[in-house]
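Undergrad: predicted model and sequence below, questions to follow.
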Amino acid sequence: MTLDHEHELPGAAAWSAPVRAGRTVTLTALADGANATMLIIGADRLDRLNIPDTLKSQMSARIKPGMVLMSDRGLALATVTASSLDWHDCLTGALPDQLLLLELTKHGFGEADLHACINFFSKVSVADDPRASLTYVPDHGHAGDTVTLRADQDLLIFVSTAPHALSDGRAASVAVRLETPDHSEDHTGGHTGDPAPDPELREEAIRALRLTRELIA
Amino acid sequence: MTVTKTTASTSTAVALDTVVDAGDGALVTVPSGGRLQIVDLHGNQAVDTLFYDAHDIDNRYSAFDTIREQRAVFLTTGSRLMSTRLDELAVITDDTCGRHDTVGGACSQESNVIRYGESTRHQHACRQTFLRYGARAGIGQRQLTHNVNFFMNVPVTSSGGLTFEDGLSAPGKYVEITASRDLFVLISNCPQVNNPCNGWDPTPIQLLGRW
């Protein structure tokens, strides 16, 4: 891996950046209870992360390693290639605190682009009761927890370190690292070979990766 | 079909009574205080629905803010449908079905390909209907968000699983939404035939508006 960029987001801050296809984004929690809320917009600046499509095509109500983050138009935005946690919340959104909105505005986006987000390092548990009641889990993410995404097309990512909306804890800082794999056999950057041989991916995820490579990446 | 607000002489007059065919849609303007009843005429019919402040469509329904504010995944009587600004757009004021989904989103031609394969690429899908009927209110691709699926059963489990299952609805079951402000209600009567959300057989629904 070649390190392209790294820096530390303090708690209750926001940041946005382009991530070229094939690069990886690694977030690291720097304190217990850290939260990193993320929005993603695809290469054409219209196609956004679609949480319902991501969940229903992979039969999951949480984000975990081995999932492809899918766009409104059925393309792969990024693959969760690794994480020390197997549950990242994506059901409870983020408070309208202007942090993400301001970052969206920097890139020419706005309120209409406040699509569903992922709350990395946070967990909201679901009860097996008639309403599927939700409870924030305060002791889920710890200092040192990480998650790595591989960009499957050119992306814009938007990250906020505001505390999770259901947390009463303090905002905590998160480190972000962008890297480029050293070898060109990476299936998204390489344009050769079959996409996504990773057996942990579901058939639907592999299909999204293949379509993305065929059409744009 | 397109339905616009009808001026009513009393607050309980029937201002709207129409059937939306299987796979068709509607754009309904509901005034603040108006009650919109959606009737599942034949049972197990998913009704994909979006809500917008009629005076500012950027102030639109937010599925996951709604879920967070009620601390529960499923919608039913008493659920407040919240906007991205955390304004209350509407409240579910009656519900004979029992629970409704807002995690599963709407089908699209592109997501059908991902889930069911290439053979489904040119089947009709909810997001085609949303774009077609939404255009008259200025609702385009950027304004589409994650919707409510009335009458749809998408169990979410404590282990973090999610599936589409046979509906809990039945012929004649209905849900009633009362508008907390002037609203555009954008409806797609779901045409999906590849999963059990419509009992494998999309059917008509009835819209009854009182305002």
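TA: Happy to help now that I have it. Numbers count the residues shown, from 1 in each chain, chains lettered A, B, ... in the order given.
Undergrad: all strands of the chain, in order?
TA: You didn't say which chain, so I picked chain A. With DSSP state E as the criterion, chain A has strands at A:2-9, A:14-19, A:24-29, A:36-41, A:68-70, A:76-83, A:118-120, A:124-126, A:134-136, A:146-151, A:155-160, A:174-180.
Undergrad: meant chain B, my bad for not saying
TA: Taking DSSP E as the test, the strands found in chain B are B:2-3, B:14-20, B:25-30, B:35-40, B:47-53, B:56-60, B:80-82, B:88-95, B:148-150, B:173-179, B:183-189, B:205-210.
Undergrad: and the longest helix along chain A, what does it pack onto?
TA: When chain A is parsed with DSSP state H, its longest helix is helix A:203-215. If you count contacts as 3 or more CB pairs under 8 Å, 6 or more residues apart in numbering or on different chains; DSSP states H and E, helix A:203-215 packs onto helix A:51-58, strand A:68-70, strand A:76-83, helix B:109-116. (C-beta placed from N, C-alpha, C; glycine too.)
Undergrad: coming back round to it: most neighbours per residue, which of the strands of chain B?
TA: strand B:148-150 (a mean of 28; mean count of other CB atoms under 10 Å in any protein chain shown).
Undergrad: what's the average pLDDT for that strand?
TA: The pLDDT scores in strand B:148-150 average 98.
Undergrad: that one near chain A anywhere?
TA: No. Judged by CB under 8 Å from any CB of the partner chain, strand B:148-150 makes no contact with chain A; its nearest approach is 9.4 Å.
Undergrad: need the contact list for the residue sitting furthest away from the middle of chain A.
TA: Each residue of chain A has a distance to the centre, and by CA atoms, centre = their mean the biggest one is for A:Pro130: 29.5 Å. Contacts for A:Pro130 (CB atoms under 8 Å, 6 or more residues apart in numbering or on different chains) come out as B:74, B:98-99.
Undergrad: returning to that earlier point: figure out which of the strands of chain A is closest to B:Gln143.
TA: strand A:36-41 (15.0 Å; CB to CB).
Undergrad: which secondary structure elements does that closest one sit against?
TA: Secondary-structure packing of strand A:36-41 (3+ CB pairs under 8 Å, 6+ apart): helix A:99-106, strand A:118-120, strand A:155-160.
Undergrad: in that strand, which residues are buried?
TA: Across strand A:36-41, burial judged by 16 or more other CB atoms under 10 Å in any protein chain shown covers A:36-41.
Undergrad: is stretch B:37-55 positioned near chain A?
TA: No. On the criterion CB under 8 Å from any CB, stretch B:37-55 is out of touch with chain A, staying 10.6 Å away.
Undergrad: just how off-centre is that stretch within its chain?
TA: Centre-to-centre, stretch B:37-55 and its host chain are 4 Å apart (CA atoms, centre = their mean, to the nearest Å).
Undergrad: can you redo the buried residues of strand A:36-41 as CSV with pLDDT?
TA: Listed next are the buried residues of strand A:36-41 as CSV, based on pLDDT from 0 to 100:
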residue, pLDDT
A:Ala36, 98
A:Thr37, 98
A:Met38, 98
A:Leu39, 98
A:Ile40, 98
A:Ile41, 98
